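**Student:** Can you look at this prediction? I've put the sequence above it.
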Amino acid sequence: MSPVASPAASPTLIDALWPVRGEGAARLVRMAAIALLGSLLLAASARVQVPFWPVPMTMQSFVVVLIGAACGLRLGVATVLLYLAEGAVGLPVFAGTPERGIGLAYMAGPTGGFLAGFVAAAAVAGFLAERGWGRSVAGALSLAFLANAALFACGLAWLATMIGPERAFAAGFLPFALATAVKIGLNAAAMLAMQPIAERARR
């Protein structure tokens, strides 16, 4: 059975909790407020490190997928783009900033591809969430897996241009594989937990 609930777009959690009302300025204010809150959450998650093996587990990819799943394709991508814009102008919102540099110089470094991958992950998560993939166990797990796959594809492709494909895979994926599997499970659990909240809000 396909994890897709419906080919038609499905209301997101944000749509349920904060319905779109009015046109023009009211719609823009709503979108800006959600994107700003999401970007602040992403910045906060960049500072979170959970003890794990073989390296500490950061929570940014978890938050990126959750933003996409909760906000949908357009608003999820807009939120991540706002976060990247904040970092590009020099705000210390990325992991390891300002110690490891700030702004565009940081974004052009080895982790730059993973930052671009945040956009891809939010887009994949948002697109699939709008089609109901977060409403079942299989769908939620598939959504989180595909969103993380998009993130790593961007990150490793960029890293490979600097150190080669084999070293990029060894340094950019293998140490994080187990933590990523855990976060996929956490993302799926979070999406399933959000469904009753969304259903109550829609009534």
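**Tutor:** Structure received.

**Student:** How much space separates the most centrally placed residue in the chain from Met162?
**Tutor:** The centre of the chain sits closest to Val64, judged by C-alpha atoms, centre = their mean, with a distance of 1.6 Å. According to C-beta to C-beta, to the nearest Å, Val64 and Met162 sit 22 Å apart. C-beta coordinates here come from the backbone N, C-alpha and C atoms, glycine included.

**Student:** and what of Gly103?
**Tutor:** 19 Å.

**Student:** Between the two, point out the one with more neighbours.
**Tutor:** Gly103 (16 against 12; other C-beta atoms under 10 Å).

**Student:** Now that one. Nearest residue, chain neighbours left out?
**Tutor:** With sequence-adjacent residues excluded and distances taken as C-beta to C-beta, 6 or more residues apart in numbering, Gly103 is closest to Gly90, at 4.4 Å.

**Student:** wait, is that neighbour part of a strand?
**Tutor:** No: applying DSSP: H, G, I helix; E, B strand; the rest coil, one finds Gly90 to be coil, outside a strand.

**Student:** Would you agree it is in contact with Ile102?
**Tutor:** Yes: Gly90 lies in contact with Ile102 (C-beta atoms under 8 Å); the separation is 5.0 Å.

**Student:** ok so Gly26 is a strand residue?
**Tutor:** For the record, residue 26 is Ala, not Gly. No: judged by three-state DSSP, Ala26 forms no part of a strand; its state is helix.
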